[in-house]
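Undergrad: give me a model of this one.
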Amino acid sequence: MGFINKLLQIVLALGMLLLIYAMVITGTFSSSQKLTEVLNQSGFYDSLAKGLSNQLKSQVIGTGTTPDVIKAGIGQGVTTDLVRGLMQPSQIAVVDWLNKGTGTLDVRFDMETVKDRVSSKVPDPKAKFEIAKLLPDTIVILDAGKKDSSVLAGIERFKQAYDFIKFAIPFLWGAVLGSALLLFVLNLRGGSKKLTRIFYAVIFCSAIGAGLALIFKYVAGGINLSISDSQSLLDVTLVTKIIITLISQTLPIFIFSGIAGLVGILVAKLVFRSKDKKIKSKKK
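TA: Numbers count the residues shown, from 1 in each chain. Take a look at the predicted model:
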């Protein structure tokens, strides 16, 4: 009986841990607003702004005052806030595609806003004219028509993983609720144990989750994103940092569940105090 209890507690703890991670990931990628928060914390927009700036500067050829002025204007105009705004339509498209799974995915930047912003940073009329002529009207981030696109291949692999996570959530709920119910039934005559065994598993899960969240919070700070241009959106390092950032954000959840587990144990021992005394006296 003791082995079965331990096994069920392990299943409950691990199932609860995976369930929390799965719900955090699906909750984030089903909301453009939540995704924006994570991308912001992961440094994605900062890196993408630098990558887009470098890509645009590379299109300015020649030497002299005018190219230097244009490059300086690009450096001042292409900011993190600007890129964050440009990314919103793309994020909405990606979120819809991930969750609805219909249609093709084409993501591109409308560069008119960028041109206007860069031009506002350049006082030279000649440079303004060159900016309008040199900078593209649109930058394609992801073209569903290009089947050999590494970005498309990367996002399709992520969608497969995301679909698997969504598929696994009901089974994780089943594992968590089923193991908790079995622990309750197996310890039905054990006084407070019918509840404390469940809460001990919750505390074990919370301890592991909180520890991982703290470790990943430290690791996330040491990962530097380097997006060389706007085509590097799904760099492996980027995806890794986003997932690590998500896991690090689960710390409050596990702290709360750990406290709830401790309170549950205290309440169970108080409620079944007389029953526990009878069981203990019988053993003697």
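
Undergrad: run through this structure and note the low-pLDDT ranges.
TA: Within the chain, the segments meeting pLDDT under 70 span 1, 62-65, 101-104, 141-152, 222-237, 283-284.

Undergrad: try 80 this time
TA: 1-2, 42, 51, 55, 58-67, 100-111, 121-156, 220-241, 276-284 (pLDDT under 80).

Undergrad: which stretches of it form helices?
TA: 2-28, 32-42, 44-58, 65-77, 80-100, 112-120, 125-134, 150-186, 193-221, 236-248, 251-271, 273-283 (DSSP state H).

Undergrad: so which of those gets nearest residue 140?
TA: Minimum separation from residue 140 across these (C-beta to C-beta) falls at helix 150-186, 9.7 Å. (Glycine included, C-beta is placed from N, CA and C.)

Undergrad: run a quick neighbour tally on residue 276.
TA: 17 (other C-beta atoms under 10 Å).

Undergrad: wait, residue 126
TA: As a burial measure, residue 126 scores 12 neighbours (other C-beta under 10 Å).

Undergrad: find the nearest non-adjacent residue to it, please.
TA: residue 66 (5.8 Å; C-beta to C-beta, 6 or more residues apart in numbering).

Undergrad: hang on, the earlier thing: I'd like the helices of the chain as a markdown table, with distance to residue 140 appended.
TA: Shown next, in a markdown table, are those (distance: least, C-beta to C-beta, whole Å):
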| stretch | distance to residue 140 |
| --- | --- |
| helix 2-28 | 26 |
| helix 32-42 | 20 |
| helix 44-58 | 12 |
| helix 65-77 | 19 |
| helix 80-100 | 11 |
| helix 112-120 | 14 |
| helix 125-134 | 17 |
| helix 150-186 | 10 |
| helix 193-221 | 30 |
| helix 236-248 | 18 |
| helix 251-271 | 38 |
| helix 273-283 | 68 |
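
Undergrad: so which of those gets nearest residue 106?
TA: The nearest among the helices of the chain, by C-beta to C-beta, is helix 80-100 at 7.7 Å.

Undergrad: which strands or helices does the closest one pack on?
TA: helix 32-42, helix 44-58, strand 107-110, helix 112-120, helix 150-186 (3 or more C-beta pairs under 8 Å, 6 or more residues apart in numbering; DSSP states H and E).

Undergrad: list the buried residues for the shortest one?
TA: What that stands for is strand 107-110. Of all the residues in strand 107-110, those buried under the rule 16 or more other C-beta atoms under 10 Å are 107, 108, 109.

Undergrad: let me see the contact set for the residue sitting nearest the centre point of the chain.
TA: The residue lying closest to the centre of the chain (C-alpha atoms, centre = their mean) is residue 246, at 4.0 Å. Residues counted as contacts of residue 246 (C-beta atoms under 8 Å, 6 or more residues apart in numbering) are 21, 24, 25, 28, 38.

Undergrad: ok, so of those, who is nearest residue 171?
TA: Using C-beta to C-beta, the contacts of residue 246 come closest to residue 171 at residue 21, 14.0 Å.

Undergrad: tell me, how many residues neighbour the closest one?
TA: 19.

Undergrad: I'd like to know how far it sits from residue 30.
TA: Distance, residue 21 to residue 30, using C-beta to C-beta, to the nearest Å: 15 Å.

Undergrad: quick one on the thing from earlier: closest one to residue 172 out of the contacts of residue 246, please.
TA: Here the nearest of those to residue 172, counting by C-beta to C-beta, is residue 21; it sits at 9.4 Å.

Undergrad: quick one: that closest one from residue 249, how far?
TA: 11 Å.

Undergrad: go on, residue 175?
TA: 23 Å.
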